[in-house]
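> here is a sequence together with a model predicted from it:
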2 protein chains.
Amino acid sequence: MVTLKDIARIANVSVSTVSKVLNGKGRVSEKKRREILQVAKELGYVPNLHARNMSKKVRILTIGLVIPDITNPFFGKLTRGVQKVCGEDVLVITVDSFRDLDREERVIRKLLFLGAHGIIIGNSRVNDELVKEVSRYIPVVVFDKDYEYENVVSIVLDNSYGAYLATKHLIERGYRNVIHLGGTHELYVSLKRREGYEAAMREKGLSPRVYPVGYDEEKGYKMMRKLLKSGEEIDGVFSMNDLVALGAMRAIREFGKKIPEDIGVVGFDNDEELCEIASPSLSSVHQPVEEMGETAAKVMLDMINGTLKVRKYIFSPRLVVRESSGGKKVNL
Amino acid sequence: MVTLKDIARIANVSVSTVSKVLNGKGRVSEKKRREILQVAKELGYVPNLHARNMSKKVRILTIGLVIPDITNPFFGKLTRGVQKVCGEDVLVITVDSFRDLDREERVIRKLLFLGAHGIIIGNSRVNDELVKEVSRYIPVVVFDKDYEYENVVSIVLDNSYGAYLATKHLIERGYRNVIHLGGTHELYVSLKRREGYEAAMREKGLSPRVYPVGYDEEKGYKMMRKLLKSGEEIDGVFSMNDLVALGAMRAIREFGKKIPEDIGVVGFDNDEELCEIASPSLSSVHQPVEEMGETAAKVMLDMINGTLKVRKYIFSPRLVVRESSGGKKVNL
DNA sequence: TCCCTCCGATCAAACGTTTTCCCTATTTGT
DNA sequence: ACAAATAGGGAAAACGTTTGATCGGAGGGA
């Protein structure tokens, strides 16, 4: 790496002169100025940020934010919440792991190595051992997962309760044969949502039916089509996310059934853009994501300052009712 | 700010011992170890990242990415493109300006002050003077806007061509009375899209009709409803973005007209999630956003290394045809 | 000629760590 | 009991930059 010293040597001047030229500070003759600039360019000089900031006595609090997919508005909101709290004084380094667990591990280690003062991990599939290891050095905030390590705080949504709310709502609107299109089982969130659904069904004396589907529109569409064709009796669908719900709605429409008159549908996540544009608009369970991001940042700052109070934050979802669960029309 | 020296003084040991304890490196007696840890905690010690990295001879190339709204998938994709190219070696500091021009200016200055090696600005409404000033120190990449400064590269989408494509497509599918729901005029992109629309109309000997609307669904809905009620003759809509197009579609449906049989609709941006979920699915002009982000990062790296070749990159949009512009049914 | 000023450039300290080398006790081995 | 090994700790250099102090010399005024 080329430093000021290298430039100084080649241009036959002192280091401080070079520094002054590059920063346009003190007074330097036009001749030397040009010469130095020239040499700097030739050598491809890139200033060393650390040296500069140390010399300038700049101190920055830096926190890392690792998320699986910045393209997804859900994580966008999370990021925004964090940045809002951090304002312009705390540096947030946001990195997208592209849902690649290896890359995630690498960037987390990198963040640690670079001296981040704390890391917020927005992915509940994160490697437990890694969290444990990192938390030995700096505080960690994780979403939707429990840890009992000293230096780790969990921020979770009460997924089970959200699912319970949604299912109960469907039942109260007159739908009886409510099925659940769930995620694959390994995930904490899909497990919890399933639990809530089952609890609500049992409470009303109905028998739950759960179909593992996945997470995108296509999957929801295919599964729903299959179920309808098979003659399965269904008048309500609680889906583990909005996309799957929208897929299911497409299948229902294609099959010639009316929403919400014949079948009611409720999603999860409340991606507003999506839910409101859909026709009929989609009822969904709302997560206060941005607020959760803000809390994550606040907690992180508290941990860094050693003024942490709580070890776990639980957020409550709320149901946003739109057209898709408007109530069943009973055939006379 | 508390430093190792402070801890050392209070704990009555040397700086190097403190460092060793905090990093778990050399050997230190259990007694001192505890003591030092205790003092460090009480004083609220936070390591100085710059000093550490300098000492460790770590060098990082840092580039700042400033965007107006990380919640928007469009900017999410941009961000992703940048991060993809930067990989794990170049540090990307992404900051959301919340569409607040003042905040934007502040964060850009901050980035400069912190020693970022380059800044990518994802907002065409950015302050020109600021760009000029910043570019005196470090390279800048800007989207959708032209600059002639030495150290600034523009990455633009050929908005005019995209609009032209969309409009021509509508005309060729049999729609004659194609209107344009445009943005407000101050923006470069809305100006260009309008131009393209007008060019296509004139080319076919039709007279363009442009209505300034805005950027969200509600605005599109209201304007379209008003136009339909007023009896305006319309069988085609080219909208300046997808949301406005979806609003217009809602109004059209409500008015009892069929899409695409009576009225054809084309949007802009091609927000896939939105366009495909809509029913009928929405044709739209696609911007290769992620690719543009990748290019921005590559160009930035080139500029930093002094190996820049081109001063301006123009990307071509492409039309994605879906159901909403399927062709007009002629009444017999 | 001498003194003062000002310009251009250099010197050297400082920023906060890490890390290598070195010193002194103490322990271990014979 | 004496040499050798080792544990515990400190001194100091190094990382690359910024910046105030300093210095030599040119030019100007008396």
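Received the coordinates, thanks.
> run a quick neighbour tally on whichever residue of the stretch 201-332 of chain A sits closest to DNA strand D.
When scored by C-beta to the nearest atom of the strand, the stretch 201-332 of chain A has residue A:304 as its residue closest to DNA strand D, at 23.6 Å. All C-beta atoms are positioned from the backbone trio N, CA, C, and that covers glycine. Residue A:304 has 19 neighbours, counted by other C-beta atoms under 10 Å in any protein chain shown.
> who's in contact with it?
Residues in contact with residue A:304 (C-beta atoms under 8 Å, 6 or more residues apart in numbering or on different chains) are A:61, A:63, A:117-118, A:139, B:46.
> which bits of chain A sit near DNA strand C?
A:12-17, A:20, A:26-29, A:31-32, A:51, A:54-55, A:57 (C-beta under 7 Å from any atom of the strand).
> show me where pLDDT drops low in chain A?
Scanning chain A for pLDDT under 70 picks out A:185, A:330-332.
> what domains does the record give for it?
Recorded structural domains for chain A (assignment: automatic domain parsing) are A:4-55, A:61-157+A:289-315, A:159-287+A:319-325.
> want to throw the ones you listed into CSV with distance to residue B:254?
What follows is the domains of chain A, written out as CSV (distance: least, C-beta to C-beta, whole Å):
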stretch, distance to residue B:254
domain A:4-55, 57
domain A:61-157+A:289-315, 27
domain A:159-287+A:319-325, 10
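> so which of the ones you listed comes closest to residue B:174?
For the domains of chain A, the distance to residue B:174 is smallest for domain A:159-287+A:319-325, at 25.3 Å, taking C-beta to C-beta.
> measure the closest one end to end?
20 Å (C-alpha to C-alpha, to the nearest Å).
> got the phi and psi for the residue in the stretch 101-250 of chain A positioned nearest to DNA strand D?
Using C-beta to the nearest atom of the strand, residue A:115 is the residue of the stretch 101-250 of chain A that sits closest to DNA strand D, at 13.2 Å. Backbone torsions of residue A:115, given as degrees, to the nearest 10, read phi 90, psi 20.
> same question, the one 3 residues further on
In this entry, residue A:118 is assigned phi and psi values of phi -170, psi 160 (degrees, to the nearest 10).
> list the buried residues for stretch A:133-152?
For stretch A:133-152, a neighbour-count test (16 or more other C-beta atoms under 10 Å in any protein chain shown) marks A:134-135, A:137-145, A:147, A:149, A:151-152 as buried.
> sitting in helices, which of those do you find?
residue A:134 (DSSP state H).
> so how far is residue A:143 from the most centrally placed residue in chain A?
Residue closest to the average C-alpha location in chain A (C-alpha atoms, centre = their mean): residue A:75, at 3.3 Å. Per C-beta to C-beta, to the nearest Å, residue A:75 is found 10 Å from residue A:143.
> what touches both of the two?
Counting by C-beta under 8 Å, 6+ apart, the common neighbours of residue A:75 and residue A:143 are residue A:122.
> what about the domains of chain A, which gets the closest to residue B:1?
Closest among these, once you apply C-beta to C-beta, is domain A:61-157+A:289-315, at 10.5 Å.
> close to chain B: what parts of the stretch 101-250 of chain A are there?
Residues of the stretch 101-250 of chain A lying close to chain B (C-beta under 8 Å from any C-beta of the partner chain) are A:103, A:106-107, A:110, A:113-117, A:217, A:243, A:246, A:250.
> most neighbours among these, please name it.
Comparing those by number of neighbours (other C-beta under 10 Å), residue A:246 comes first, having 27 neighbours.
> what's it in contact with, if anything?
Contacts of residue A:246 by C-beta under 8 Å, 6+ apart are A:217, A:220, A:267, A:274, A:278, A:282, B:277.
> same check, this time on residue A:110
Taking C-beta under 8 Å, 6+ apart, one finds residue B:88 in contact with residue A:110.
> can you tell me the element it falls in?
Taking DSSP states H and E as the criterion, residue A:110 maps to helix A:101-114.
> that helix: what's the following helix or strand?
According to DSSP H and E, the helix or strand after helix A:101-114 is strand A:118-121.
> distance between that following strand and the chain's centre?
Taking the mean of its C-alpha atoms, strand A:118-121 sits 12 Å from the chain's own mean (C-alpha atoms, centre = their mean, to the nearest Å).
> output the contacting helices and strands for it.
Packing partners of strand A:118-121 (3 or more C-beta pairs under 8 Å, 6 or more residues apart in numbering or on different chains; DSSP states H and E): strand A:61-67, helix A:101-114, strand A:140-143, helix A:289-305.
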